[in-house]
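> compute the structure for the input listed below.
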Amino acid sequence: MFTAPHFLALAAAAALCVLLFAARFALRTRPLLRNQVRWLLIIVLLASEGGLHAWYLSHGIWSSRQSLPLELCGITLLLSAVMLLTRSRLLYSFLYFAGIGGACIALLTPNLVYPFPHIRFLLFFTAHAAIVLSSLFMTWAYGFRPTWRSLMFTMLCLNLIAVIVFALDKLLGANYMFLAHKPGTFSVLDYFGPYPYYLLVEEVFALVIFLLMFLIFFKLPEMVRSRKASRSRNL
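Numbers count the residues shown, from 1 in each chain. Model (predicted):
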């Protein structure tokens with residue numbers, strides 16, 4: 001983490017986000033291009049998840065305790081593919097916050113011990129960048145927008161998912177979503193105190209991040225546009 005390959009991977013992910021933003025008008029007005037990008041994202045999401053399981057199986061280490069897509073990013077990856085396939089506003093309302101927020105934290109503090117150019121390194125950053133790009137794509141290409149209600153919906157869904165995953169952790173003897181203990185590598189959870197208190201701090205942290213994502217990228221621009229429109233009417 002925080003090595004040259006890590007910074008390059010972050011830069012590549014950021015560059016793709018900027019490119020997608022720059023292409024937003026073309027995506028809105030050219031249905032063929034929009035569908036091509038949509039299917040490309042679906043393929044990348046599923047290929048990265050499939051590639052991970054293929055690697056597990058080829059090394060004989062696939063395990064129900066560690067390999068199921070029950071981490072938050074594993075869940076949001078699969079849901080992102082379904083969202084893109086169905087163009088679901090309901091899934092978008094969850095994935096804008098949980099998908100982008102969770103994947104960005106993972107990109108910044110990866111729970112990964114394999115250095116570049118290991119296949120696990122490439123799959124990790126490809127998958128998490130694709131999760132972020134998927135919700136941004138639905139925002140810029142289809143005009144989807146989160147709301148206050150979708151923010152609360154996301155928090156409710158995350159808690160329901162955590163309850164289900166916690167039960168599965170107990171059943172499998174696993175630690176999906178780090179509900180039993182912190183990961184073995186450095187993560188943002190290291191700043192949140194010992195178990196189980198870090199789970200409560202994580203909840204507050206998620207809410208703050210989601211609020212900032214909503215306010216900075218949607219509410220503040222709306223307020224600025226509204227003020228500009230009001231001034232122009234008064235001139």
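
> drop to CA atoms for contacts and neighbour counts, all remaining ones
Will do.

> so after the helix or strand hosting Ile105, what's the next helix or strand?
If you go by DSSP states H and E, Ile105 is part of helix 89-108. Downstream of helix 89-108, the first helix or strand assigned by DSSP H and E is helix 119-142.

> list the contacts for Ala129?
Contact partners of Ala129, counting by C-alpha atoms under 8 Å, 6 or more residues apart in numbering, are Ala13, Ala103, Leu107.

> most neighbours among those residues, which one?
Among the contacts of Ala129, the one with the most neighbours (other C-alpha atoms under 10 Å) is Ala103, at 25 neighbours.

> list the contacts of the nearest residue to it once chain neighbours are set aside.
Closest residue to Ala103 apart from its sequence neighbours, by C-alpha to C-alpha, 6 or more residues apart in numbering: His128 at 5.2 Å. For His128, the contact set (C-alpha under 8 Å, 6+ apart) comprises Cys73, Leu77, Ala103, Cys104, Ala106, Leu107.

> can you pull the buried residues of the lengthiest helix in the chain?
Scanning the chain for the longest helix, with DSSP state H as the assignment, gives helix 31-58. By neighbour count on 16 or more other C-alpha atoms under 10 Å, the buried set for helix 31-58 is 34, 37-38, 41-42, 44-49, 52-53, 56.

> and the average pLDDT for that helix is what?
Summarised as a single mean, pLDDT over helix 31-58 is 98.

> chain center to that helix, what's the gap?
With C-alpha atoms, centre = their mean, to the nearest Å as the basis, helix 31-58 stands 15 Å off its chain's centre.
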